[in-house]
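Student: Build me a structure from this.
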Amino acid sequence: MQIVMTSVPVDDQEKALKFHTDKLGFVKKTDLPLGEARWLTLVSPDDPNGTELLLEPDSHPAVRPLMRALVDDGIPYTSFAVKDVQAEYDRLKAAGVQFTQPPVDMGP
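Tutor: Below is the predicted model:
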């Protein structure tokens, strides 16, 4: 068994698409109309057949309160891996991404 897709709730799919592709470096894999929204998935350019990230509309009534509570408590909803955290932080910061804090060495 493997994870083939995961989702992240977004309030604006087009804005999220631009951020995740232009800033984070993901590439669009699927973009299909789905009523008022889209089935919009992204993948890593290093693994185009790997796990897909679904940019899912946050229109369900439970989503916004959940996301607000996680943000207020400093709990991440999604995590990404990189080879060099400091280099990626510097790249994203230079691209205008805002962080709540810089990387912190937590040991092994």
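Student: so where do the helices sit in the protein?
Tutor: Secondary structure of the chain (DSSP state H): helices at 13-18, 63-73, 85-94.
Student: and among those helices, the most buried is which?
Tutor: helix 13-18 (a mean of 15; mean count of other CB atoms under 10 Å). Backbone N, C-alpha and C define where each C-beta goes, glycine included.
Student: Packing partners of it?
Tutor: Here helix 13-18 touches strand 37-43, strand 52-57, going by 3 or more CB pairs under 8 Å, 6 or more residues apart in numbering; DSSP states H and E.
Student: What average pLDDT does that helix get?
Tutor: Averaged over helix 13-18, pLDDT sits at 98.
Student: now swap in stretch 46-56 and tell me
Tutor: Here the average pLDDT along stretch 46-56 is 96.
Student: Over to stretch 97-108?
Tutor: Mean predicted confidence for stretch 97-108 is 89.
Student: No further queries at this time; thank you.
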